[in-house]
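Trainee: quick check, what structure comes out for this input:
(one chain, ligands or ions: 1)
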Amino acid sequence: MTYQGLLHRYGQYLGLPAHTKTITLLEGNTPLIPMPRLSRGFGCELFIKFEGLNPTGSFKDRGMTAAIGEAVGRGVQTVICASTGNTAASAAAYAARAGLRSIVLIPEGKVAAGKLAGAIAYGAEVIQIQGSFDDALTLVVEITQKTPIALVNSINPYRIEGQKTSSFEICDVLGNAPDWLCLPVGNAGNITSYWAGFKQYKKGLPQILGVQAAGAAPLVLGHPVEKPETIATAIRIGKPARGEQALEAAQESNGRIIAVSDEEILSAQRILASEGVWVEPASAAGLAGLIAESAKGSMNVKGKKVVVVCTGHGMKDPSIVTESFKSPKIIPANYDALLNVIGGA
Ligand code: F0G
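Mentor: All right, here's what the predicted structure looks like:
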């Protein structure tokens with residue numbers, strides 16, 4: 001039978017109310033891509049779980065099919081979220097699919113072009129906040145407590161349920177859980193989901209390496225960050241809603257949460273692209289963390305199976321790439337000029 005989306009495939013494992021409707025864009029079922037060159041470098045078996053290949057270009061679609069489906073089932077008409085961009089685009093798409101009104105709050109000037117364009121294209125009412133993601137989240141929590149508008153941030157438990165499906169897929173493809181799972185951490189919903197999913201699926205447990213950006217690393221510093229700053233705008237978050245659960249996941253799995261610099265993130269982004277996998281900056285944080293920990297000798301992955309989760313597609317944030325390159329050369333439209341500029345084979 002053709003693939004029918006996550007609720008169809010894994011619904012029986014998800015704690016969703018009976019009233020939940022199936023609102024799907026056939027999300028999930030993303031590839032676990034073997035990375036032979038990187039594997040040789042680390043002496044491990046390395047795979048990328050490429051979540052950028054979900055319908056709206058990020059892992060958020062896994063949680064959104066569940067959260068929007070649940071909201072529709074209980075008669076909700078309007079949904080709202082705070083977002084660094086990907087949640088906004090995903091909420092907007094699934095709301096559009098379900099015929100709901102969607103409102104998204106984003107930090108002014110800090111959302112990558114592909115995400116903002118997505119949210120607008122799918123018909124969300126986009127509101128910029130003169131403040132951070134954390135300020136936006138505080139506002140949407142308050143408005144959903146006082147009105148019938150439904151919250152679809154990952155504070156919503158059904159988002160976590162939906163996002164567990166990625167750990168199920170990884171186990172189904174590998175046969176067992178990997179030895180290590182490396183992923184970026186922002187508001188900390190995803191790390192919470194993976195850990196819950198692996199525990200539930202009973203195919204073994206990975207050690208988890210959660211990776212924050214150095215300028216937005218509250219879980220590494222042990223206190224909130226008032227003014228988070230990083231080039232990886234997706235994880236520019238100073239007060240993660242599920243911070244406690246993220247720390248628990250790291251600790252229980254015998255893993256850890258670390259911080260990497262923006263330079264390390266951009267370098268990891270380039271390495272992935274050099275193997276044909278283009279991800280947005282935040283999505284490269286997992287690999288940046290793996291590189292940093294292995295270089296320090298504090299993570300031995302020799303002979304191990306390692307999955308690096310790449311949460312969003314490179315096309316979400318094109319300017320980060322185009323701005324760091326010189327514009328392509330311009331030549332007259334003739335053969336000699338072309339040969340001259342490429343200088344032979
Ligand atoms: N990677 C990407 C590409 C993201 O967009 C996010 C979060 C994360 C990683 C971190 O996941 O928050 O579950 O720890 N983006 C949210 C958003 C905050 O609004 O799109 P997390």
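Trainee: can you name the residues of the stretch 51-200 of the chain that neighbour the ligand?
Mentor: 58, 60, 83-87, 154, 184-191 (Cβ under 6 Å from any ligand atom). Backbone N, C-alpha and C define where each C-beta goes, glycine included.
Trainee: one more pass at 8 Å, please.
Mentor: For the stretch 51-200 of the chain, the contact set with the ligand under Cβ under 8 Å from any ligand atom comprises 51, 58-60, 81-90, 115, 133, 153-154, 163, 183-193.
Trainee: mind listing which of these are in helices?
Mentor: 60, 86-90, 115, 133, 163, 189-193 (DSSP state H).
Trainee: can I get those in a markdown table with distance to residue 9 and pLDDT?
Mentor: A markdown table is the format used below for these (distance: Cβ to Cβ, whole Å; pLDDT from 0 to 100):
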| residue | distance to residue 9 | pLDDT |
| --- | --- | --- |
| 60 | 18 | 98 |
| 86 | 22 | 98 |
| 87 | 22 | 98 |
| 88 | 26 | 98 |
| 89 | 23 | 98 |
| 90 | 18 | 98 |
| 115 | 27 | 98 |
| 133 | 31 | 97 |
| 163 | 14 | 98 |
| 189 | 21 | 98 |
| 190 | 19 | 98 |
| 191 | 22 | 98 |
| 192 | 21 | 98 |
| 193 | 16 | 98 |
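Trainee: can you show me the helices along the stretch 151-300 of the chain?
Mentor: Here the stretch 151-300 of the chain has its helices, by DSSP state H, counting those that start in this stretch, at 157-163, 165-174, 189-201, 218-221, 243-252, 262-273, 285-296.
Trainee: next one: the last one to chain centre, how far?
Mentor: Relative to the centre of its chain, helix 285-296 is centred 18 Å away, using Cα atoms, centre = their mean, to the nearest Å.
Trainee: what's the answer for the longest one, then?
Mentor: Its chain's average C-alpha position is 14 Å from that of helix 189-201, according to Cα atoms, centre = their mean.
Trainee: tilt between that helix and helix 243-252?
Mentor: 50 degrees (axes from the mean of the first three to the mean of the last three Cα atoms, to 10 degrees).
Trainee: buried stuff in helix 189-201?
Mentor: Residues 189-198, 201 are the ones in helix 189-201 that count as buried (16 or more other Cβ atoms under 10 Å).
Trainee: thinking again about what came up before, need the winner for burial among the helices of the stretch 151-300 of the chain.
Mentor: Comparing the helices of the stretch 151-300 of the chain by mean neighbour count (mean count of other Cβ atoms under 10 Å), helix 157-163 comes out on top with a mean of 25.
Trainee: how far does it sit from the chain's center?
Mentor: What separates the centre of helix 157-163 from the centre of its chain is 14 Å, taken as Cα atoms, centre = their mean.
Trainee: other SSEs contacting that helix?
Mentor: Applying 3 or more Cβ pairs under 8 Å, 6 or more residues apart in numbering; DSSP states H and E, one finds that helix 157-163 contacts helix 60-73, helix 189-201.
Trainee: ok, and what's touching the last one?
Mentor: Here helix 189-201 makes contact (Cβ atoms under 8 Å, 6 or more residues apart in numbering) with 13, 59, 63, 153-154, 159-168, 171, 177, 181, 183-185, 204-206, 208, 210, 241-242, 245-246, 248-250, 252-253, 309, 311.
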